[in-house]
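>>> only geometry, no sequence info:
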């Protein structure tokens, strides 16, 4: 450790490099970086334990810039730590550089992408949970937050959960520089107000002058010594600190310093100090869970089983087979049936309460440490965490989500509880997989595949029971489909998934009695979709009718259209989907009213008679 | 007012009716209703001012059940207030009934749908803002919250904002019955912890025994007398209160009482009391804003203008023409250019800070009082409020959203700031409209149309400048499109929107020089889309190439495919869209790398040469 003078010098270097990087880029947020520079200088020199030469070391601390727009500072830190060269620093924001406008995992040791405010802290909660309960390693999670992002509700989900789980391995650092993008924040420099909120939420608050390196050192030491609760260092800082032309000035957000050369001179010029950041002393071996093994469940043909129950049983079985599988739920585990995992593997289950943003963020944090996390809630309520799912893709996270209670077929609870836009939203996540099995055996096979699937995978399950139609030994795989009924002279094709598969089969039997032969395809994999099977059907039959318990936009029907777009057979595609706002009623009444039942299919098929 | 005994009796009636309704339905949440019954009995009898016979009276108080699953109680309240009959009460959750599983505006005087937890309070903030700053009426907003939903971050966005705006016309009532769906809440019966959190967030907390009607009466009186800050009544209650078989028992959530007859007997049997709920005394005339009038802006052909700037100028102009137009922004108003409205009409502008859920919820609350609310932030960050947009549709809300910084064309900031899934997500909202103008004149016309458009309307704007190609006097309307280039012998059709229109035009000129004639269609209205123009092009040309600055799923390309699905011309549709995770770079570099630029269009067109 270099002492007071070294830390002050390091802080100035971090400011200078923030100015240089953003000036080189012609954009970026130097003033938001300068307010946090001393906080990072002291963290690097004496508190952070992170082997920058070995970013994958399980014993490493984790440093998350929740205020991702302070990326110039983040990269200046990497330079000071010897992780990147000064030359690379100046590639900031240029095409091909690892140093993007906001940090992403393209540049190690970055765990997750930030830049959508209020996400770094809840993800940090997930990593801290991994440290305490899974890895069982003494690493610490440090999260640098901006004061503007304290207005995000997700921050308070994190405060709430971290205290409840007594995460004393988590330290938040709030850079209270008073100024947001266009004006003063709601609380300005009222540090006591921040402290009162943190204390009320069960954290240990420490107020500090964010430009006094000795005081910062003492604050971190106090945080490290605090047990039984997380700590938050609430630092009074000055935006643009060190350069009079921008210090504490409004209108200086998100732009390079006008006179960079003068600013660098005012800060004492360029420096090229390096810090020997502490490496983990222990051997850094993460805990592994021993498992008894076993087999994935299967069901007999003809059984009536809800796919949500099949999910719970499958996940519990998978947890017995693989010790790296963990599960989280948003306080509806007796509805999603994640409770079956919780009962079987309580050490690997995380109750996240009614806080869907923290639910997904925790899963992102757990997977950043290599755990295979499955998170569940009602499909409708993943919409609450959509920004977190979007950012998980930017984080290159492997995330498994299970949304239950799909569509109008849930019945009486009404539209607020019905997932009707979930397939559209999840399909539009980069690199995602969207699965909607129609029976229990499909569900079990897909849950097993999800564990090895990269990217964001979404499994949509049903509230009500459906008949097991897939033989237990039949192959079911991501990208596949099941042809339930086909012949050489099929007139039309019915494409269904989930609850509408039985409607399609019922319709096909009725149509056959009336002389119309319908092929029936169960597209349990909506993304990727089985384009070959669909294309064949488009060429061999006169029309395709898609049937889904979902709004018409972005779901099964659109996925089918996309599969046929490039090489069209000229075959019409008629989409049956939920077009009016549903109400309450029995599942049968609502499926009928939505015109996605067998009767609606039969009627639609009438238009395509020979 | 009926005094202590009457209120106790009324509370018992509300319990009995909650049991009866859910038993008749065979589902629902009686125990969650019973814990709040006394709180509602006292509110109805002596505190609420709401003319149930005249739900549209502008002077009415507003009562929101943020814990929407307590719908049996909500409907029992309507019966006690004489708003529905006992017969209708027993239609709860049946098909065709106005009494859905969770309250919706189908049954007056319900302002908004609830059932997705944590939304009622932030919407209540919006209505309270309308009361204070727009309507300027002394009505009060009462919001009944569950204790489980206090884990939702959106609740704390509401706490934060309501205190900042000194909304002393807002009272939250937290029903602390300790038990969630599967287990005890994080705070259980620690009422002091709730009070400390509320106080730290600037609210006046009042702790009360939620089954002591006199204490509740005193608490409400204290809330009504509190000025300068919102109040929260934190009530210790017992889930299932009054029926020993379920009182304070786990495992009794979301199900009818097993022995309803015994429960009703234990509660003293059926009653049919009615309450004469106070009606507003004042004349209830809402404030109107006088406006100077004026014209919507126009731009000259060939000017280079960002559509986000056109949005700001158009909205400011619209605010001068119409006094009912109001605007909100999530602390990025100098990026979205909502600042131009704020400068022109400060009384009608609401700064919502970095809290997108509260941003959208406030807009929903304002429109519930008839104000024409436009809410803006980066398009990417509306994903943070997707559940609120979804629920706005269930609320039958008329909501205008403007998302700026569409796609990779923003450049250096990187993927966290790029809206790439927004069109997919917004198209999949029931009854929505999705607009993506390519120039300033289109933007102005569409902003004016948005003001009269029912449902959720989303306008997507660009960071960078685009050339004005639409003549100022040309018709531009929702559902329309612009054919920029066409002839009798076009070979192919290019379909673009927003930033890709100029790429398509550039490609068309280059292709023409090479002997390939390309029709160019600007689909500024993505939903509804101009199916007739697209269908004509599909029949008249050999192929359609769609080009969008968006992921391939759910955006322009899928909207085009849907338009052609039923009556296919057999014409291939090739979708150009962003397929790899973008990085930082200049707009031109990123548009090129994403293969949505003129060069990519020309290359794609090569496959369809005659």
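Arrived safely. This one's a predicted model, so the numbers in the text were calculated from it and none came from an experiment.
>>> could you give me the average pLDDT of the helix ranked longest in chain A?
The longest helix of chain A (DSSP state H) is helix A:3-25. Computed over helix A:3-25, the mean pLDDT rounds to 97.
>>> buried stuff in that helix?
A:6-25 (16 or more other C-beta atoms under 10 Å in any protein chain shown). Every residue, glycine included, has its C-beta placed from N, CA and C.
>>> from those, which are also near chain B?
Among the buried residues of helix A:3-25, the ones lying near chain B by C-beta under 8 Å from any C-beta of the partner chain are residue A:25.
>>> which residues touch the residue lying closest to residue A:180 once chain neighbours are set aside?
Of all residues not flanking residue A:180 in the chain, residue A:148 sits nearest, at 4.2 Å (C-beta to C-beta, 6 or more residues apart in numbering or on different chains). Shown in contact with residue A:148 (C-beta atoms under 8 Å, 6 or more residues apart in numbering or on different chains): A:117, A:180-181, A:185, B:331, B:353-354.
>>> Report the buried members of those residues.
Members of the contacts of residue A:148 classed as buried by 16+ other C-beta under 10 Å are A:117, A:180-181, A:185, B:331, B:353-354.
>>> Closest one to residue B:411 out of the residues you listed, please.
Here the nearest of the buried ones among the contacts of residue A:148 to residue B:411, counting by C-beta to C-beta, is residue A:181; it sits at 17.8 Å.
>>> Test my guess that the closest one contacts residue A:254.
Yes: look at residue A:181 against residue A:254 with C-beta atoms under 8 Å: they come within range, at 6.7 Å.
>>> how about the strands of the stretch 101-250 of chain A, start to end?
Per DSSP state E, counting those that start in this stretch, the stretch 101-250 of chain A carries strands over the ranges A:141-146, A:170-176, A:204-209, A:231-236.
>>> so what's the nearest residue to residue A:301 once chain neighbours are set aside up against?
Leaving out its chain neighbours, the residue that sits closest to residue A:301 by C-beta to C-beta, 6+ apart is residue A:468, at 5.5 Å. Neighbour list for residue A:468: A:299-305, A:439-441 [criterion: C-beta under 8 Å, 6+ apart].
>>> In chain A, what residue lies closest to chain B?
Of all residues in chain A, the one sitting closest to chain B is residue A:153 (2.4 Å; C-beta to the nearest C-beta).
>>> Please give me every residue in contact with residue A:187.
By C-beta under 8 Å, 6+ apart, the neighbours of residue A:187 are A:147, A:150, A:176, A:193-194.
>>> in stretch A:340-355, what's buried?
Quick answer for stretch A:340-355 (16+ other C-beta under 10 Å): A:340-342, A:344-345, A:348-355.
>>> that older thread, which pair in the buried ones among the contacts of residue A:148 spans the largest distance?
Checking the buried ones among the contacts of residue A:148 with C-beta to C-beta, the most distant pair is A:117 and A:185, at 11.9 Å.
>>> Give me the distance between stretch A:368-377 and the centre of its chain.
When distances are taken as C-alpha atoms, centre = their mean, to the nearest Å, stretch A:368-377 is centred 10 Å away from the chain's centroid.
>>> And it, end to end?
21 Å (C-alpha to C-alpha, to the nearest Å).
>>> I'd like to know which of the strands of the stretch 101-250 of chain A lies nearest to residue A:368.
strand A:141-146 (10.3 Å).
>>> okay, and for the stretch 501-610 of chain A, where does confidence drop off?
A:610 (pLDDT under 70).
>>> what does chain A give?
Using pLDDT under 70, chain A drops low at A:1, A:282-283, A:610.
>>> Domain parsing of it, as residue ranges.
A:4-266, A:304-467, A:482-608 (automatic domain parsing).
>>> Could you identify which of those is most buried?
Among the domains of chain A, judged by mean count of other C-beta atoms under 10 Å in any protein chain shown, the one packed with the most neighbours on average is domain A:304-467 (a mean of 25).
>>> quick one on the thing from earlier: could the strands of the stretch 101-250 of chain A be laid out in CSV, adding distance to chain B?
Listed next are those as CSV, based on distance: least, C-beta to the nearest C-beta, whole Å:
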stretch, distance to chain B
strand A:141-146, 9
strand A:170-176, 14
strand A:204-209, 11
strand A:231-236, 13
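>>> Serialize the ones you listed to JSON lines and add fields for distance to residue B:525.
Shown next, in JSON lines, are those (distance: least, C-beta to C-beta, whole Å):
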{"stretch": "strand A:141-146", "distance to residue B:525": "38"}
{"stretch": "strand A:170-176", "distance to residue B:525": "43"}
{"stretch": "strand A:204-209", "distance to residue B:525": "51"}
{"stretch": "strand A:231-236", "distance to residue B:525": "48"}
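>>> wait, which of those is closest to residue B:592?
strand A:141-146 (33.0 Å).
>>> Show residues contacting that closest one.
Residues contacting strand A:141-146 (C-beta under 8 Å, 6+ apart): A:32, A:36, A:39-40, A:43, A:47-48, A:61-67, A:69-70, A:117, A:120-121, A:124, A:127-128, A:131, A:155, A:169-175, A:177.
>>> Helices of the stretch 201-350 of chain A, residue ranges please.
A:213-225, A:260-266, A:307-321, A:333-336, A:339-344 (DSSP state H, counting those that start in this stretch).
>>> For residue B:278, find the nearest of these.
The nearest among these, by C-beta to C-beta, is helix A:333-336 at 39.8 Å.
>>> who does the closest one touch, helix- and strand-wise?
On a contact count with 3 or more C-beta pairs under 8 Å, 6 or more residues apart in numbering or on different chains; DSSP states H and E, helix A:333-336 meets helix A:307-321, strand A:372-378, strand A:399-404.
>>> Of the ones you listed, which is nearest residue A:104?
Using C-beta to C-beta, the nearest of these to residue A:104 is strand A:399-404, at 15.6 Å.
>>> quick one, that closest one and strand A:372-378 angle?
On the basis of axes from the mean of the first three to the mean of the last three C-alpha atoms, to 10 degrees, strand A:399-404 is oriented at 30 degrees to strand A:372-378.
>>> Give me the packing partners of the helix or strand following strand A:399-404, helices and strands only.
Per DSSP states H and E, the first helix or strand lying C-terminal to strand A:399-404 is helix A:422-427. Using 3+ C-beta pairs under 8 Å, 6+ apart as the contact definition, the elements that helix A:422-427 packs against are helix A:386-394, strand A:433-435, strand A:456-460, strand A:525-527, helix A:556-565, helix B:422-427.
>>> Helix A:422-427: how far from the chain's middle?
With C-alpha atoms, centre = their mean, you get 14 Å for helix A:422-427.
>>> So what touches that helix?
Contacts for helix A:422-427 (C-beta under 8 Å, 6+ apart): A:379-380, A:382-383, A:386, A:389, A:401, A:403, A:406, A:432, A:434, A:436, A:456, A:458, A:460, A:526-527, A:548, A:550-551, A:553-556, A:558-559, B:386, B:421, B:424-425, B:427-428, B:553-554.
>>> what are the bridge partners for residue A:205, then?
Judged by DSSP bridges, the bridge partners of residue A:205 are residue A:232.
>>> My error: substitute residue A:376 in the last question.
So, taking DSSP bridges as the rule, residue A:376 has residue A:329, residue A:402 as bridge partners.
>>> Now do it against residue A:538, distance only.
Counting by C-beta to C-beta, to the nearest Å, the gap from residue A:376 to residue A:538 is 35 Å.
>>> can you pull the contacts of residue A:405?
Contacts of residue A:405 by C-beta under 8 Å, 6+ apart are A:308, A:335, A:378-380, A:413, A:417-419, A:461-463.
>>> okay, those in TSV with distance to residue A:142 next?
Formatted as TSV, the contacts of residue A:405 follow (distance: C-beta to C-beta, whole Å):
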residue	distance to residue A:142
A:308	38
A:335	36
A:378	34
A:379	35
A:380	35
A:413	42
A:417	39
A:418	41
A:419	37
A:461	38
A:462	43
A:463	42
